[in-house]
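J.: using only what follows, build the 3D model:
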Amino acid sequence: MNKYSPPNDPNVISAWVKAASSLLRDHVYHDICSNNVKLKVNDYDIGKINKIWQEIQEETRLRADAEPVLASFFHSTILEHSSFSSAIANQLANDLANVSVQPMMLRNVIKDALNSDPKILENITLDLIAVKERDPACKYFSSPLLFFKGFKALQAHKVANLLWHTDRHSLALFIESRASETYGVDIHPAAKIGNGVMIDHATGVVIGETSVVDNNVSIFQGVTLGGTGKGSGDRHPKVREGVLLSAGATILGNVEIGKNAKVAAGSVVLTNVKEGTTVAGVPAKIVSSSKSDIPSYSVDHLINLNK
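T.: This next block holds a predicted model:
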C-alpha cells in the first residue's frame with residue numbers, strides 16, 4: 001500500500017488550508033447558529049463561545065496571510081490574545097482611549113467588567129452571531145470585532161452599563177462620550193439593551209437614558225430612541241423582541257414598539273405600535289401587519305401593503 005504524501009507545492013497547501021478553514025467555519029456556524037436555536041442566551045455555554053473564538057483566530061490567520069500590510073494589525077488585535085474577552089478589551093480600550101486616559105487603564109477596566117459577569121461575554125457572542133446571520137456584508141465572525149462600529153458601540157455600552165449600575169457614573173459617561181465620538185453612536189449608560197441585537201452602519205444612532213431594547217432587535221443608521229423634551233423620569237421608548245427599526249426612524253416618548261413590529265425608514269413614531277404591524281410616515285401609521293414575520297431576522301425594509 002502506498003503511503004500518503006502531502007503535497008510540496010505551496011499553492012496547493014494554501015488552497016487546502018483555505019478549504020479546511022471554510023469547512024470549519026461552516027461547521028462552527030451551523031453548530032452555533034442553527035435555525036433551531038434562534039439566539040436565546042440560555043442555549044449557549046462557554047464551550048460554544050470558545051468555538052467562535054477559535055474560528056475568529058483561524059479567520060484572522062488567513063486574513064493576515066492574504067494581506068501582509070495588515071499582518072501586524074491582525075496580530076495585535078486578535079492573534080496575540082489568549083481569549084475572546086482579552087481581544088474585546090484590547091479593541092475597545094484602543095478605540096476609546098484619549099490623551100488623558102491611556103489604553104492600559106481602560107483595558108483593565110473593561111477586562112474587569114467582562115470577568116465580573118459571564119453573561120456579558122455570552123451576550124457579546126450573541127450580538128456577534130446576530131450580525132453574522134443578518135448582515136449579508138458580514139462574511140466572517142472576525143469582521144464585526146475588527147471593523148464594525150455598530151457592534152463595537154454595543155459592547156462599549158455593555159461596559160458602561162455595568163459601570164453605571166456599580167455607581168461609577170463618571171467613568172460610564174466617559175465611555176459613552178468616547179463611543180459617541182469614535183463610533184458615531186450615542187447610547188446612555190443607563191439604557192437597557194438585550195442580546196442578539198444588531199446595529200448596522202450605526203452612524204447617528206441615539207438611544208436615551210430610559211430606553212429599553214429587548215433581545216433580537218435590528219437597528220439601522222440614524223435611528224433615534226428619544227424623549228419628547230417635555231417629561232422627566234421614564235420618558236424613552238420600549239422596543240420589544242423581533243423589531244426592525246429601519247434607517248432614520250425616530251421614536252419619541254415613553255411608547256412601546258410591540259413584538260415583531262417594523263418601523264419604516266424615515267418614520268416618526270409618537271404613539272404605541274401594535275405587535276406584528278408595520279408603521280410608516282410622519283406621523284407613523286399602520287400600513288400592514290403580519291403574524292408570522294420576525295422583521296429583525298428577515299431584515300426586509302420594504303413595505304408590503306398587501307399584508
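J.: the stretch 1-150 of the chain: helices as residue ranges?
T.: 10-33, 46-66, 71-74, 84-96, 103-116, 118-134, 142-147, 149-164 (DSSP state H, counting those that start in this stretch).
J.: okay, those helices, which one's buried deepest?
T.: helix 149-164 (a mean of 24; mean count of other Cβ atoms under 10 Å). Glycine gets a C-beta too; all of them are placed from N, C-alpha and C.
J.: switch the helices of the stretch 1-150 of the chain over to a markdown table; also include mean pLDDT and distance to K274.
T.: Putting those into a markdown table (pLDDT from 0 to 100; distance: least, Cβ to Cβ, whole Å) gives the following:
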| stretch | mean pLDDT | distance to K274 |
| --- | --- | --- |
| helix 10-33 | 45 | 30 |
| helix 46-66 | 90 | 35 |
| helix 71-74 | 97 | 47 |
| helix 84-96 | 97 | 37 |
| helix 103-116 | 95 | 37 |
| helix 118-134 | 93 | 23 |
| helix 142-147 | 96 | 32 |
| helix 149-164 | 98 | 27 |
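J.: domains of this structure?
T.: 8-184, 204-307 (automatic domain parsing).
J.: quick one: the last one to chain centroid distance?
T.: Translated: domain 204-307. Centroid separation between domain 204-307 and its chain, computed with Cα atoms, centre = their mean, to the nearest Å, is 18 Å.
J.: tell me the mean pLDDT for that domain?
T.: For domain 204-307, mean pLDDT is 94.
J.: quick one: contacts for R178?
T.: Counting by Cβ atoms under 8 Å, 6 or more residues apart in numbering, R178 makes contact with 95-98, 156.
J.: D214 too?
T.: Listed by Cβ under 8 Å, 6+ apart, the contact partners of D214 are 194, 238-241, 243, 259.
J.: who wins on neighbours among these?
T.: Using other Cβ atoms under 10 Å as the neighbour test, the contacts of D214 are led by V239, with 31 neighbours.
J.: please report how far that one lies from T182.
T.: 24 Å (Cβ to Cβ, to the nearest Å).
J.: neighbours of G253, how many?
T.: 18.
J.: once you drop chain neighbours, what's closest to it?
T.: T228 (4.6 Å; Cβ to Cβ, 6 or more residues apart in numbering).
J.: ok, now G276?
T.: Per Cβ to Cβ, 6+ apart, closest to G276 is N260, 5.0 Å.
J.: the one you found: neighbour count?
T.: As a burial measure, N260 scores 23 neighbours (other Cβ under 10 Å).
J.: verify the stated contact: it with V217.
T.: No - N260 is beyond contact range of V217, at 10.3 Å (criterion: Cβ atoms under 8 Å).
J.: now the common contact residues for those two.
T.: 241-243, 296.
J.: select from those every entry located in strands.
T.: Using DSSP state E, no member of these sits in strands.
J.: want to throw the residues you listed into TSV with distance to L70?
T.: Output for these, formatted as TSV (distance: Cβ to Cβ, whole Å):
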residue	distance to L70
E241	37
G242	37
V243	36
S296	32
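J.: just the CA atoms of the helix or strand hosting A179, as CSV, please.
T.: With secondary structure defined by DSSP states H and E, A179 is part of helix 169-183. Below are the C-alpha coordinates for helix 169-183, written out as CSV (Å, rounded to 0.1, in the frame of the first residue of the first chain):
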residue,chain,number,x,y,z
HIS,A,169,-21.2,57.1,36.8
SER,A,170,-18.3,59.4,35.7
LEU,A,171,-16.4,56.6,34.0
ALA,A,172,-19.6,55.3,32.4
LEU,A,173,-20.3,58.7,30.9
PHE,A,174,-16.7,59.0,29.7
ILE,A,175,-17.1,55.7,27.8
GLU,A,176,-20.4,56.9,26.4
SER,A,177,-18.8,60.2,25.3
ARG,A,178,-15.8,58.5,23.7
ALA,A,179,-18.0,55.9,22.0
SER,A,180,-20.1,58.7,20.5
GLU,A,181,-17.0,60.5,19.2
THR,A,182,-15.4,57.3,17.9
TYR,A,183,-18.3,55.3,16.6
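J.: how far out from the middle of the chain is that helix?
T.: 17 Å.
J.: which one of the helices of the stretch 1-150 of the chain lies closest to I286?
T.: helix 118-134 (24.4 Å; Cβ to Cβ).
J.: appreciated, that's everything.
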